Structures are given as structure tokens and as C-alpha cells.
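Novice: A predicted structure for the sequence below; I have some questions about it.
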Amino acid sequence: MIDCLFCKIIEGKIPATLVYEDGNVVGFKDLRPQAAVHLLFIHRKHTKDINEMTKNDPTQLSDLFHAIRLYTEKNELHKEGFRVVTNQGPFAGQTVFHTHLHVLGGEPLSHFGA
Ligand code: 5GP
Ligand code: ZN
């Protein structure tokens, strides 16, 4: 995918601090962390957002959550808990158009909603 920042991270053309890799998924530290732990998990196959991903091939979403489970169990994030967020489109503030799941944790997170 031409000019996709996260495809370039997958290809090693742009540096990132990788924390997880398997045949389908790459996980790396967010450049501007919003919590003590702030990671991004992306699929090696490019899609622009979560709806495109789940329309094209819903198994990619389970690949991502499989990777997140392995990572959070290995690094004991699962004990205190963590949050998974994805932004789609302008109202949500999506800035990078390669589907990604934010994984936030490592400290108590402010609750949203009621
Ligand atoms: P979005 O706003 O699209 O949901 O999330 C994009 C995320 O990518 C942001 O949290 C931003 O900090 C992160 N980001 C943007 N550019 C880079 C980069 O070059 N490297 C890394 N590691 N993260 C980036
Ligand atoms: Zn991409």
C-alpha cells in the first residue's frame, strides 16, 4: 500500500519499537502514549479501518485479538486490566488509515461514559 505509514513500519522502512510479531500481526509502541502502556496492534494485510477489515475478512480481527491476548498474558497486563480502542473516521479522530487497535493500560484509566 503506497504511502501508508503503518505498512512502512511493517516493512521496516520506518522505525518503531516493536513489542509483538507473528505471521499476521505486528504490535508496537505508540509514538505519543496516552497511558503508561500504549501499544498499537495492526494486521500485516492493509485495510483502512475496522469496518473495511471486518467486511473483507473478519478473521483478521480475531488475528488481532489473538495477538493481544498472547501479549497481555505474557506481559501480565491482563491481571490489572487493559483497554482496546479503535477509531474510525473523522468524528472519532482517526489519523492513520491502516486499521489499528490501541491497547492502553499499565495504570488506572479514566472511565468514559456514565
Ligand atoms: P488514530 O488517531 O488513527 O486512532 O491513531 C493513530 C496513532 O498512531 C496515534 O495514537 C499516534 O500517536 C500514532 N502514531 C502516528 N504516527 C506514528 C509513528 O510514526 N509511529 C508510531 N509508533 N506511532 C505513530
Ligand atoms: Zn497500510
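Specialist: Nice, thanks for sending it over. Residues are numbered from 1 along each chain as shown. Ligands and ions are numbered 1, 2, ... in the order given.

Novice: which positions in the host helix or strand of residue 65 come out as buried?
Specialist: Using DSSP states H and E, residue 65 sits within helix 59-74. Buried residues in helix 59-74, defined by neighbour count with 16 or more other CB atoms under 10 Å: 60, 61, 63, 64, 67, 68, 71, 72. Glycine gets a C-beta too; all of them are placed from N, C-alpha and C.

Novice: next one: stretch 77-96
Specialist: For stretch 77-96, burial by neighbour count (16+ other CB under 10 Å) applies to 77, 82, 86, 87, 88, 94.

Novice: and residue 102, bridged to which residues?
Specialist: residue 40, residue 85 (DSSP bridges).

Novice: tell me which residues touch it, please.
Specialist: Residue 102 makes contact with 30, 34, 38, 39, 40, 83, 84, 85, 86, 87, according to CB atoms under 8 Å, 6 or more residues apart in numbering.

Novice: rewinding a little: quickly name whichever of the buried residues of stretch 77-96 is closest to ligand 2.
Specialist: In terms of CB to the ion, no member of the buried residues of stretch 77-96 lies closer to ligand 2 than residue 94, at 13.0 Å.

Novice: what's the neighbour count on residue 28?
Specialist: The local packing of residue 28 (other CB atoms under 10 Å) involves 20 other residues.

Novice: hmm, back to that, tell me which of the buried residues of stretch 77-96 fall in helices.
Specialist: Secondary structure defined by DSSP state H assigns residue 77 of the buried residues of stretch 77-96 to helices.

Novice: filter the buried residues of stretch 77-96 by proximity to ligand 1?
Specialist: 87, 94 (CB under 6 Å from any ligand atom).

Novice: which residues touch the helix or strand bottoming out on mean pLDDT in the chain?
Specialist: Lowest mean confidence among the helices and strands of the chain (mean pLDDT, DSSP states H and E): helix 77-80, at a mean of 92. Helix 77-80 is contacted from outside by 37, 69, 71, 72, 103, 105, 106, using CB under 8 Å, 6+ apart.

Novice: still on that earlier bit, among the buried residues of stretch 77-96, show me the least confident.
Specialist: Ranked by pLDDT, the buried residues of stretch 77-96 bottom out at residue 77, which has 93.
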